[in-house]
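# return a 3D structure for these sequence lines:
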Amino acid sequence: MFRSITLAAVMAFAFSSVSFAQVKVGVVDMSRCFLTSTAGVKASEELKSFEGELVVKLKVKETQEELAKLEKDYIDTEKTLTEAGKRAKLEVLQKKSAEIENIRRTYTSELQKKDRELTARIHSEVVSVVEGLAKEGKYTLVIDKQGAVYSADGTDITDKVIELYNKQQTAK
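Now for the predicted structure:
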């Protein structure tokens, strides 16, 4: 809602301040820039690799297998255990479950942190390309396609942004 109001205010200001001057608006699909640019594809692969490393580092599979064995052992021996034995096994199960929950939180947190780092870097680089293209093409306003309710044919500059961004990344 706030985004729509802000967009409307920006559009109103842009159109009122240029009165009779020609207004040129461009639309960029930032999501597509992230998904299809060379850097975006590379970042996606890097995130998948990092995720695999996290699984190994945090011993996710091993811990889940240990919990499954403990659960099976408890179920298999539950009827023959004393109350004290049941409590002891349940306590071990609860500790292992808590350990898995802690691993899950750590995993999620580290993965989100890495994703934010990669996304922020790419976002700033793409915005820089958009700014350069907007100045060169004399655009009055460039908006993200996700914030636009409608855009006419010919206003989408996403392909050009991706092309320029890929060239920029290749030059690095």
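# make it CA atoms for all contacts and neighbour counts henceforth
OK.
# okay, now the unreliable bits of the chain?
Under the criterion of pLDDT under 70, the regions of the chain flagged as low confidence span 1-21.
# check which helices and strands the biggest helix by length in it sits against.
For the chain, the helix reaching the highest residue count under DSSP state H is reported as helix 83-136. Secondary-structure packing of helix 83-136 (3 or more C-alpha pairs under 8 Å, 6 or more residues apart in numbering; DSSP states H and E): helix 30-36, helix 38-57, helix 60-77, strand 141-144, helix 158-171.
# for E101, see how far away D144 is.
Between D144 and E101 the distance is 38 Å, computed by C-alpha to C-alpha, to the nearest Å.
# hang on, I meant S124
Taken as C-alpha to C-alpha, the spacing of S124 relative to E101 amounts to 34 Å.
# once you drop chain neighbours, what's closest to the most centrally placed residue in the chain?
With distances taken as C-alpha atoms, centre = their mean, the residue of the chain nearest its centroid is D115 (5.4 Å). Nearest residue to D115, sequence neighbours excluded (C-alpha to C-alpha, 6 or more residues apart in numbering): L47, at 6.7 Å.
# was I right to think the one you found contacts K114?
Yes. Counting by C-alpha atoms under 8 Å, a contact exists between L47 and K114, whose distance comes to 7.1 Å.
# how about S151, secondary structure?
Using DSSP: H, G, I helix; E, B strand; the rest coil, the structure places S151 in coil.
# which non-adjacent residue is nearest it?
Among residues not flanking S151 along the chain, V27 sits closest, at 7.3 Å (C-alpha to C-alpha, 6+ apart).
# just the C-alphas of the strand or helix carrying the one you found, formatted as PDB.
For V27, the element it lies in under DSSP states H and E is strand 25-28. Output for strand 25-28, consisting of C-alpha atoms alone and laid out as PDB, is shown next (Å, rounded to 0.1, in the frame of the first residue of the first chain):
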ATOM      1  CA  VAL A  25       9.500   6.500 -18.300                       C
ATOM      2  CA  GLY A  26      11.400   3.200 -18.200                       C
ATOM      3  CA  VAL A  27      10.500  -0.100 -16.500                       C
ATOM      4  CA  VAL A  28      13.000  -2.600 -15.200                       C
END
